[in-house]
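Q: Below is the structure, and that's it, no one-letter string:
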């Protein structure tokens, strides 16, 4: 079966850097995605890693190590609006994304 | 270009009634996915459809739940004889490719409350 593990909660202050880790076990792995969800609203796509290494998109970066079945989302220069839930998800062959249980990030001033 | 449209936003049903949730994918997206979310929990996969085909329904309960994506019109998630445990947020997403490499676009969800 598939499983994803990520911390349930992370707290940080404005301007800080935070890293949200995700480990996974799955078959037919294509890549790792990250999504953001504010207050139970529509999840929004942040990034996708198919290959090992770091992908940078503005203040957010995502990393994947296929050999370690591990990835992380790095958020820099944190802002209050970054307070949200962050989900890692595995893209796998022949089926839909499977999501982790999510990490609630709280940013304080 | 409208995003993924879900309706209704909120739905209240009495136990034993039927719930019909609708989802219109983004224009040009032929892959539709349904997820269920309980408060403070992750998105649990239910079913993956393409036009007129169910690709994977492994996450959907065998009884009372069904889904379709007809040639014309929105995708429908149907829950018959609802029970209190069906109360949740149901999200629909669509993508232009089967691998989701370019990300899924989610709708705003339907909040189902069974009383």
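A: Received the coordinates, thanks. Note that this is a predicted model, so its numbers are computed, not measured.
Q: so which residue of chain A comes closest to chain B?
A: Using CB to the nearest CB, the point where chain A gets nearest to chain B is residue A:45, with a distance of 3.0 Å. No exception for glycine: its C-beta is placed from N, CA and C like everyone else's.
Q: Could I get the pLDDT score of that residue?
A: In this prediction, residue A:45 carries a pLDDT score of 96.
Q: What distance do you get for the residue most central in space within chain B to residue B:65?
A: Centroid check for chain B by CA atoms, centre = their mean gives residue B:34 as the closest residue, at 3.5 Å. Relative to residue B:65, residue B:34 is positioned 9 Å away (criterion: CB to CB, to the nearest Å).
Q: what is in contact with the two at once?
A: Common contacts of residue B:34 and residue B:65, defined by CB atoms under 8 Å, 6 or more residues apart in numbering or on different chains, comprise B:46, B:77.
Q: Chain B contacts on chain A?
A: Counting by CB under 8 Å from any CB of the partner chain, the residues of chain A lying close to chain B are A:30-31, A:33, A:35, A:40-45, A:48, A:50, A:87, A:91, A:94-102.
Q: rerun at 6 Å
A: Residues of chain A lying near chain B by CB under 6 Å from any CB of the partner chain: A:30, A:42-43, A:45, A:48, A:91, A:95-102.
Q: Which one among those sits at the bottom for pLDDT?
A: In terms of pLDDT, the lowest of the residues of chain A next to chain B is residue A:95, showing 84.
Q: Might you report the residue contacts of that residue?
A: Remark: with contacts taken as CB atoms under 6 Å, 6 or more residues apart in numbering or on different chains, residue A:95 is in contact with residue B:56.
Q: Thanks again, I'm all set now.
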